[in-house]
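Coordinates for the following, if possible.
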Amino acid sequence: MDPQTRRTKKGKAAVKADEAKVDLTAVVVAVNDSEPCVLTVGHADTLPSGPFALEHRSLQSGLRGWVEQQTGHALGYIEQLYTFADRDRIGTERHQRVISISYLALTRKEQATNSAACGWQSWYEYFPWEDHRFGTPPVLLDRLRPRLIEWAGGASEPTT
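Below you'll find the predicted structure:
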């Protein structure tokens with residue numbers, strides 16, 4: 001076995017990372033006509049992102065730089081959401097571990113982007129169960145609720 005490889009508790013091969021790569025990802029949100037929207041780049045399922053580089057003054061300045069470069073949109077308020085650094089997040093190089101830091105950015109949709117490669121997508125396209133503008137969303141009643149009831153019925157005892 002490669003000295004850089006070991007086995008996890010589940011028997012899978014785990015690679016020991018010699019270096020780490022830090023990626024910064026932005027969830028840029030605006031509200032327009034009472035509907036939340038998310039700014040995407042390229043395809044409608046890609047968020048603005050890029051690697052943290054040593055020349056960046058801070059994580060936040062690196063994120064701001066990547067978003068502005070990819071979208072032409074300068075960010076206002078940003079807040080760190082979550083950091084993903086699980087052992088199985090391996091980068092493009094075999095011995096590279098990836099740490100992804102995600103941020104929420106609140107902005108105004110009126111501040112138009114100057115890039116044809118990005119656009120605003122409805123938040124509800126990604127999270128239809130959150131759209132309560134016209135009552136309880138059908139996906140909540142038809143799909144999620146029955147599955148939650150089934151799941152709850154299978155629990156042997158309540159957990160806290």
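
which residues touch Val22?
51-52, 59, 98-101 (Cβ atoms under 8 Å, 6 or more residues apart in numbering). C-betas here are computed from N, CA, C, even on glycine.

Most widely separated two among the residues you listed?
Within the contacts of Val22, Leu59 and Val98 form the most distant pair, 14.9 Å apart (Cβ to Cβ).

Have a look at those two and say which one is more surrounded.
Val98 (19 against 16; other Cβ atoms under 10 Å).

all strands of this protein, in order?
Taking DSSP state E to define them, one finds strands in the chain at 5-7, 13-15, 19-32, 35-41, 49-51, 77-84, 96-106, 118-122.

I'd like the ones you listed written out as a markdown table, with mean pLDDT and distance to Gly154 added.
Shown next, in a markdown table, are the strands of the chain (pLDDT from 0 to 100; distance: least, Cβ to Cβ, whole Å):
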| stretch | mean pLDDT | distance to Gly154 |
| --- | --- | --- |
| strand 5-7 | 53 | 31 |
| strand 13-15 | 55 | 31 |
| strand 19-32 | 90 | 33 |
| strand 35-41 | 92 | 34 |
| strand 49-51 | 91 | 38 |
| strand 77-84 | 94 | 29 |
| strand 96-106 | 91 | 32 |
| strand 118-122 | 90 | 34 |
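
Format the ones you listed as CSV; extra columns: distance to Asp142.
Formatted as CSV, these follow (distance: least, Cβ to Cβ, whole Å):
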stretch, distance to Asp142
strand 5-7, 43
strand 13-15, 40
strand 19-32, 27
strand 35-41, 22
strand 49-51, 34
strand 77-84, 30
strand 96-106, 30
strand 118-122, 20
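
returning to that earlier point: quick one: buried ones out of the contacts of Val22?
Among these, those buried by neighbour count (16 or more other Cβ atoms under 10 Å) are 52, 59, 98-101.

what domains does the record give for the chain?
The chain breaks down into these structural domains: 5-123, 127-160 (assignment by automatic domain parsing).

Pick the most deeply packed of those domains.
Greatest average neighbour count among the domains of the chain goes to domain 5-123 (a mean of 15), per mean count of other Cβ atoms under 10 Å.

Next one: the residue nearest the centre of the chain from Glu79, what distance?
Closest to where the C-alpha atoms of the chain average out (Cα atoms, centre = their mean) is Ser102, at 5.9 Å. Using Cβ to Cβ, to the nearest Å, we find Ser102 at a distance of 10 Å from Glu79.

now Leu63
Distance from Leu63 to Glu79, by Cβ to Cβ: 11 Å.

so what's in contact with these two at the same time?
Shared contacts of Leu63 and Glu79, counting by Cβ under 8 Å, 6+ apart, come down to Tyr103.
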